[in-house]
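J.: return atomic coordinates for the entry below.
(chains A and B)
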Amino acid sequence: MAKEKEFVKEIADIHEDFPQWYTDVVLKTQLADYGPVKGTMVIRPYGYAIWELIQKEMDKRFKETGHENAYFPLLIPYSYLTKEAEHVEGFAPEVAMVTRAGQNDLPEPLVIRPTSETIICEMYSKWVESYRDLPLLINQWANVVRWEKTTRPFLRTSEFLWQEGHTLHATAEEAEEETLKILDVYDEFARNVLAIPMFKGRKSEKEKFAGAQATYSIEAMMQDGKSLQSGTTHFFGTNFSAAFNIEFLDKDGKRKNPYQTSWGTSTRLIGAIIMAHGDERGLCLPPKVAPIQAVIIPVAMHKAGVIEKCTEVYDSLKNEFRIKLDDRDYSPGWKFNEYEMKGVPVRIEIGPRDIEKGVAVLCRRDKEGEKTEVPLDKLGEELGKLLDDIHENMYNKALAFRDSHVKTVADMNELKDAVDSGNFALGMWCGDEACENKIKELTNASTRNMPFDQTPCGDKCVCCGKKATKKIYFGKAY
RNA sequence: CGAGGUAUAGCGCAGUUUGGUAGCGCGCUUGGUUCGGGACCAAGAGGCCGUGAGUUCGAAUCUCGCUACCUCGACCA
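T.: The predicted structure follows:
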């Protein structure tokens, strides 16, 4: 019907105009709206509910691995930022500062945190005295501000929400172990909660965090073949602890700088969900972070007994699932489209015909048109199974997409072909930053990360042709 | 920050060339008929035309500045 075509046009075609599709989905599904200040966004209730579920799942994992939450101040003296040379160099260009308070200029400008290493280190230097104080494992949920040049809702905003973990350890081995452990937590979370497969690996020197000795990342492939860096963990060695005079007296009676890590994930993960799973109908949310896991849609609401039966079903499911009964005065067809656009995993239709048969119709979002009739007394059980199956299917679909969009390449031409046609390229690299820069210049792709499985796929650098020992992913990135 | 584009009702647009006081579709409100894939009829509400200055008797329309958004580059979670 003509009306249906108009609806489809409300969201740009995912295959023809991915950036526009993305923005349409964010705005039309009411995840977020633009704020009045450049690069800011308002996270609307539907989007914030996803963030709360992400927080809940992730926080549980941090606690299970021995971390505690704390909160550090938003404002940081500018002088703190300058203590670690690489750090200030990396962040200065995008730092926002407060220079006035009330009617007076401040004696020292205050940085609105772009990240909290410096102020946390300053505090840690007071708190740590003995090896008995280690390890110190703290996480904070906070907002940070980075004055980015180009912004996009969830993917890059001037202010964003995130979590940042900051830990201190007595030995380098223990700190390195922490960076890898958290990387695994991120990876497992992405797989089991967001249904997104990640490439785990180590960043190149060029791409690592300002002030880190080593940076690791999880990288997700979006449906346009671009990479989204979705989480990072950093090993600092003693770079910061030395700069900030964090010292402890070790068992051997010597004063030492502890080894440090930091790690973070942000509201960007919501962008990852949108771009990894969405389709021409809009959002498709993984059940574990879907604010509404199933929506009950009454059919022929005015007919006797329909609303009553729907309410009864709602009451029987509401304690076990995040469920909504939509009894608004819109036609069923209108609601079907609405909730599909908003990515609700399961729709439960209940109308006079179903009530007569003692069933409800379950329709899954991830497989178009697949409907099953389920006896009302088995609804809870079947819904649980269906949600699990939806998660599996979404993960497998994303995995299959990803695996079919990675090309092993041997030289620059193959690399360029691969990334220009929407793929990641996996190839050998000599480790020279000059090659990274040249690749970026010629193909617009950057190095993403080096997988832990370094089984060679060749022996020559894809760029310079010299002997190469590092296997690394290349891709265009957000 | 560099190049290009856009800004008129909640959304999508016309009107700008040739200045004369704003219109269409969707949505919204009310009443009625409807309801298993975006229903229909009728009656309504809603806009200092992004913003600041200038030209003019008169500016959505002409001139200059600013801002925001979109696309493409350089920087980042």
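
J.: I figured A:V37 hits A:T157, correct?
T.: No. The criterion here is C-beta atoms under 8 Å, and A:V37 misses it with A:T157 at 10.3 Å. For every residue, glycine as well, the C-beta is placed using N, CA and C.

J.: between the two, which one's more packed in?
T.: Between A:V37 and A:T157, counted using other C-beta atoms under 10 Å, the more crowded position is A:T157 (25 against 9).

J.: contacts only, for that one.
T.: For A:T157, the contact set (C-beta atoms under 8 Å, 6 or more residues apart in numbering) comprises A:G39, A:T40, A:M41, A:E148, A:T151, A:T267.

J.: which element is the first one on?
T.: When you say that, I think you mean A:G39. Under DSSP states H and E, no helix or strand contains A:G39.

J.: who's A:I350 bridged to?
T.: A:I350 has these beta-bridge partners by DSSP bridges: A:P298.

J.: tell me how many other residues crowd the residue in the stretch 201-350 of chain A positioned nearest to RNA strand B.
T.: Nearest residue of the stretch 201-350 of chain A to RNA strand B, counting by C-beta to the nearest atom of the strand: A:G333, 2.6 Å away. Look at A:G333: counted by other C-beta under 10 Å, it has 14 neighbours.

J.: equivalent analysis for the one 10 residues further on, please.
T.: Other residues near A:G343 number 27, with proximity taken as other C-beta under 10 Å.

J.: dump the residue contacts of it.
T.: A:G343 touches A:T29, A:H277, A:G278, A:G282, A:L283, A:C284, A:L285, A:A290, A:R365, counting by C-beta under 8 Å, 6+ apart.

J.: give me phi/psi at it?
T.: phi 80, psi 20 (degrees, to the nearest 10).

J.: so for it, what's the pLDDT?
T.: For A:G343, the pLDDT comes out at 96.

J.: which residue sits closest to it, ignoring its sequence neighbours?
T.: A:L283 (3.0 Å; C-beta to C-beta, 6 or more residues apart in numbering).

J.: surely the one you found is in contact with A:M341?
T.: Yes. Using C-beta under 8 Å, A:L283 is in contact with A:M341, at 6.7 Å.

J.: where does the prediction get shaky in chain A?
T.: Along chain A, the parts satisfying pLDDT under 70 run over A:1-9.

J.: surely A:D411 and A:C461 touch.
T.: No. In this structure A:D411 lies outside contact range of A:C461 using C-beta under 8 Å: 9.2 Å.

J.: looking at those two, which one has more neighbours?
T.: More crowded of A:D411 and A:C461, by other C-beta under 10 Å: A:C461, with 22 against 14.

J.: what parts of the stretch 51-200 of chain A come near RNA strand B?
T.: A:90, A:93-94, A:146, A:148-153, A:155-158, A:160, A:162 (C-beta under 7 Å from any atom of the strand).

J.: go again with 6 Å.
T.: Neighbours of RNA strand B within the stretch 51-200 of chain A, by C-beta under 6 Å from any atom of the strand: A:R146, A:E148, A:K149, A:T150, A:T151, A:R152, A:R156, A:T157, A:F160.

J.: once you drop chain neighbours, what's closest to the second one?
T.: What that stands for is A:E148. Using C-beta to C-beta, 6+ apart, the closest residue to A:E148 is A:R156 (5.2 Å).

J.: secondary structure class for A:H15?
T.: On the three-state scheme (DSSP: H, G, I helix; E, B strand; the rest coil), A:H15 is labelled coil.

J.: ok, now which ones touch the nearest residue to it once chain neighbours are set aside?
T.: Among residues not flanking A:H15 along the chain, A:E280 sits closest, at 7.8 Å (C-beta to C-beta, 6+ apart). Going by C-beta under 8 Å, 6+ apart, A:E280 touches A:V8, A:I11, A:D13, A:I14, A:H15.

J.: just give me the neighbour total for the last one.
T.: To tie it back to what came earlier, the one meant is A:H15. Applying other C-beta under 10 Å, I find that A:H15 has 11 neighbouring residues.

J.: what about it, distance to A:D224?
T.: Noted for A:H15: a distance of 9 Å to A:D224, by C-beta to C-beta, to the nearest Å.

J.: what about A:L106, helix or strand, and which?
T.: Applying DSSP H and E, one finds A:L106 within strand A:104-112.

J.: what's in contact with the very next helix or strand once past that strand?
T.: Elements were assigned by DSSP H and E; along the chain past strand A:104-112, the next helix or strand is helix A:117-127. Residues outside helix A:117-127 that contact it (C-beta under 8 Å, 6+ apart) are A:72-73, A:76, A:80-81, A:83-84, A:87, A:113, A:133, A:136, A:138, A:166, A:168, A:211, A:240-241, A:243-247, A:260, A:262.

J.: in strands, which of these fall?
T.: A:I76, A:L136, A:I138, A:H166, A:L168, A:Q260, A:S262 (DSSP state E).

J.: name every strand pairing with the strand holding A:L106 and say which way it goes.
T.: Going by DSSP bridges, the partners of strand A:104-112 are strand A:75-77 (antiparallel), strand A:96-101 (antiparallel).

J.: format these as a markdown table; extra columns: mean neighbour count.
T.: As requested, those are arranged in a markdown table below (neighbours: other C-beta atoms under 10 Å):
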| stretch | mean neighbour count |
| --- | --- |
| strand A:75-77 | 17 |
| strand A:96-101 | 12 |
